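K.L.:
how would this look folded up:
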Amino acid sequence: MLHEMVNFIVQTVGDLGYGGIFIMMFLESSFFPFPSEVVMIPAGYLAFKGEMNIFMVIFMGIAGSLAGALFNYYLAIKFGRSFLAKYGKYVFFKEETLNRMEQFFKNHGNISTLTGRLIPAVRQYISFPAGLAKMNLLHFSIYTSLGAGIWVIILTLLGYFIGENQVMIDEYLRTIIISILAVIGILGLIYAREMIKAKIIKIINKNSKN
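P.N.:
You can find the predicted model right below:
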């Protein structure tokens, strides 16, 4: 059953071509529950077989992810929090999720747009609080592209080097996700420490002037 599903997805991506990668990654990056793994890994496998160019696969994956994120960003700006909280449930997006994303964005600032793209169940929705906060569009696009780029490249290379071995892909994905979360956690601690240090220095300097 799983093998047949993988073959179907590979065939679908192959039939739709680069435009299909863009469309499906757009859906994955917006609020539709569509996992990127089922797009980029088969696309990477097709690149291994010589049926696609790996650089175009990665480019279209990143472009689709950015387009989907921008869709959410502008949706939040145009309709606001009350709209998202009221109608999000119809697309599997609960108000609780919005609350968590807002808190995540508040705690980690603009950089959360980058790190959020690497966290499962967060990357699809991190654009909403960025839009509600009216984050600088250029910064949003850069951070989103960087975060999406890392994830897209990882998935594409998994498909390229492992291909149809679903068991190995699952094992590597699990290890990669745990490693990414660990790195983000360490960087978060370093970031928090530096912020605290900067505040202490600012208070000391202010008191010394008085």
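K.L.:
tell me the phi and psi of N53?
P.N.:
In terms of degrees, to the nearest 10, the main-chain angles of N53 are phi -90, psi 130.
K.L.:
does it touch A47 like I think?
P.N.:
Yes. Applying C-beta atoms under 8 Å, one finds N53 in contact with A47, separated by 6.7 Å. For every residue, glycine as well, the C-beta is placed using N, CA and C.
K.L.:
who has more neighbours, the two?
P.N.:
A47 (20 against 13; other C-beta atoms under 10 Å).
K.L.:
next, the contact list for the nearest residue to that one once chain neighbours are set aside, please.
P.N.:
Take A47 and drop its neighbours on the chain: the residue closest to it by C-beta to C-beta, 6 or more residues apart in numbering is I54, 3.9 Å away. Applying C-beta atoms under 8 Å, 6 or more residues apart in numbering to I54 gives the contacts 44, 47, 156, 160.
K.L.:
just the helices in this structure please.
P.N.:
2-29, 37-48, 54-87, 95-108, 112-116, 127-132, 137-162, 166-209 (DSSP state H).
K.L.:
how about the second one: buried residues?
P.N.:
This means helix 37-48. Of all the residues in helix 37-48, those buried under the rule 16 or more other C-beta atoms under 10 Å are 37-48.
K.L.:
adding distance to A148 and pLDDT, write these out as CSV.
P.N.:
CSV is the format used below for the buried residues of helix 37-48 (distance: C-beta to C-beta, whole Å; pLDDT from 0 to 100):
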residue, distance to A148, pLDDT
E37, 14, 80
V38, 16, 78
V39, 12, 83
M40, 10, 87
I41, 15, 85
P42, 18, 84
A43, 14, 87
G44, 15, 88
Y45, 20, 86
L46, 20, 86
A47, 18, 89
F48, 22, 88
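K.L.:
now those in a markdown table, with distance to S112?
P.N.:
What follows is these, written out as a markdown table (distance: C-beta to C-beta, whole Å):
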| residue | distance to S112 |
| --- | --- |
| E37 | 22 |
| V38 | 26 |
| V39 | 24 |
| M40 | 23 |
| I41 | 26 |
| P42 | 30 |
| A43 | 28 |
| G44 | 28 |
| Y45 | 32 |
| L46 | 33 |
| A47 | 31 |
| F48 | 34 |
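K.L.:
hang on, T115 packs against G147?
P.N.:
Yes. Using C-beta under 8 Å, T115 is in contact with G147, at 6.8 Å.
K.L.:
okay then, goodbye and thanks.
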